[in-house]
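A.B. asks: could you look at this predicted model? Sequence included:
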Amino acid sequence: MANIRDIAKRSGYSASTVSRFINHSGYVSDTAREEIKQVIDELDYVPNAIARDLSTGKTHTIGVVVPDTGHPFFTQLLYGIMDTAFAEGYNVLVLKSQYDEKIELKYLEKLHRKAYDALIFTSHKLPLKQLESYQKYGPVVCCENPGATKIAASYVMRENAYVKAFDWINHQGFSRIAILLSRSEEISSTSKTIFRAYQHVFKKVPLDNYVFTNLFNYQDGYRIATAVVQKHPDFIFGNSDDIVAGVRQYYLDHNLPLPALMGQENQISGKILNLMTIDHHLKRVGKSACELAIRGNIQKIAVESDFIMRNATAKFD
C-alpha cells in the first residue's frame, strides 16, 4: 500500500508538501497540487483514517449514552443526533447504560482516554456534577435542564404543555384518569413533571391505583390494559402514542367501551389513530445536543413541548 513517502518520491516533492496537500493544512502551489494529485491517482492512494485521527487528536466519533434503546424518547433523540452527526462528518457510537453508574463512569473514562471526541447523555444515573467534572477531557452534553450545573444541555420544557393537557381534561369533566408511565415519579424527572402539572390543575396528586409504570411500547400497553380496565377510567393519559395504541386495541378486542385517550411523542401510531398527543420535538433536541457536542459550547438550549388537539374519543357514560 502506497504511503506519503512513496508519493513524495515519485512526484519529486517533499513529504511535508505532500502532507500539506493531503490534509489541507498549508500552502501548496497549483502546479504542485496537480502533480501530487496525478501521482495519488496513479498509486490509488487512500489516506489512513486512523493515522490521521491520531495526528489531529480527533476520532470524529460521538458517544451517545442511552439507558434503553427501545423507548421512543431515546429513539427520537438518536434520530436527531445521528442526522446532525453524519451531516457534519461524525460517527455515532450508541452506548447502552441501563442506568448503571459503573457503566456510565466507564464511558466517561473512555472520553478521558480519547476513545471519542464528545459524550451525550440522553439520561443518566450519575450526578450532574460528576458529568460536569469530565468536561476537561472533552464536551459532555446532557438532555435535561441542568439547573445551576455548568454543563452543556439540550432539553425539553414539558410542564406548560402538560398543564394545558390536564386543563383540557379537567374542563371536559373527566375524573377517573389512568396515567401510564415508563418510570415511577420517584426516579423519573419526566414523571415528576407530569405529577406536578396534574397537581397544579386538579389540586391533588394522582391516585396511586390509577398510575401504572414500566411501560415502554405497544405490547406493554396491551398487556397493562388488563389491569387498567379494572379501574374503569374515563380517560387514559399515556407516556407515548404507541402505549396508548396498545391499550386502545385491547379495549377493541374485548368489545369494551373506549375511554378518551391521549398519548405523547406525536408518533405514527397517534397520527394514524388521530390521538391527542404532546409533541416534545425530540429530534430537534437531539440535533441541538449533537451541535453542542461538536462545537464544544457550554450552553443551554430549551425546546418547548406542544399539546396537539385532535378529534378526541367521546366520553362514555
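C.D. replies: Okay, I see it.
A.B. asks: quick one: the helices in the stretch 151-300 of the chain?
C.D. replies: Along the stretch 151-300 of the chain, counting by DSSP state H, counting those that start in this stretch, helices occupy 159-171, 189-202, 218-228, 241-253, 268-273, 282-295.
A.B. asks: which strands and helices lie in contact with the fifth one?
C.D. replies: It stands for helix 268-273. Secondary-structure packing of helix 268-273 (3 or more Cβ pairs under 8 Å, 6 or more residues apart in numbering; DSSP states H and E): helix 241-253. C-beta: built from backbone N, CA, C; applies to glycine.
A.B. asks: pLDDT on the helix it packs on, on average?
C.D. replies: Throughout helix 241-253, pLDDT has a mean value of 97.
A.B. asks: so, low pLDDT: which residues of the stretch 151-300 of the chain?
C.D. replies: For the stretch 151-300 of the chain, no stretch has pLDDT under 70.
A.B. asks: hang on, the earlier thing: of all the helices of the stretch 151-300 of the chain, which lies closest to Asn311?
C.D. replies: Nearest of the helices of the stretch 151-300 of the chain to Asn311, taken as Cβ to Cβ: helix 268-273 at 10.1 Å.
A.B. asks: give me the number of residues near the closest residue to Tyr251 other than its chain neighbours?
C.D. replies: Closest residue in space to Tyr251, ignoring its immediate chain neighbours: Leu258 at 4.9 Å, by Cβ to Cβ, 6 or more residues apart in numbering. Residues near Leu258, counting by other Cβ atoms under 10 Å, number 14.
A.B. asks: same deal with Ser97?
C.D. replies: 22.
A.B. asks: separation between it and Thr190?
C.D. replies: With distances taken as Cβ to Cβ, to the nearest Å, Ser97 is found 17 Å from Thr190.
A.B. asks: angle of the strand or helix carrying Ile81 against helix 282-295?
C.D. replies: According to DSSP states H and E, Ile81 maps onto helix 72-87. Counting by axes from the mean of the first three to the mean of the last three Cα atoms, to 10 degrees, helix 72-87 lies at 50 degrees to helix 282-295.
A.B. asks: what residues does helix 72-87 touch?
C.D. replies: 62, 64, 66-69, 91-92, 94, 120, 122-123, 143, 182, 190, 216-217, 240, 242, 265, 267, 280, 282-291, 294 (Cβ atoms under 8 Å, 6 or more residues apart in numbering).
A.B. asks: one more pass at 6 Å, please.
C.D. replies: Outside helix 72-87, the residues within contact range by Cβ atoms under 6 Å, 6 or more residues apart in numbering are 62, 64, 66, 92, 122, 240, 265, 282-283, 286-287, 290.
A.B. asks: how near is the residue nearest the centre of the chain to Cys142?
C.D. replies: In the chain, the centroid-proximal residue (Cα atoms, centre = their mean) is Leu77; its distance is 2.3 Å. For Leu77, the distance to Cys142 equals 11 Å [Cβ to Cβ].
A.B. asks: for Met82, same thing?
C.D. replies: Applying Cβ to Cβ to Met82 and Cys142 gives a distance of 18 Å.
A.B. asks: what about those two, which has more around it?
C.D. replies: Neighbours were counted for Met82 and for Cys142 using other Cβ under 10 Å; Cys142 has more, 25 against 20.
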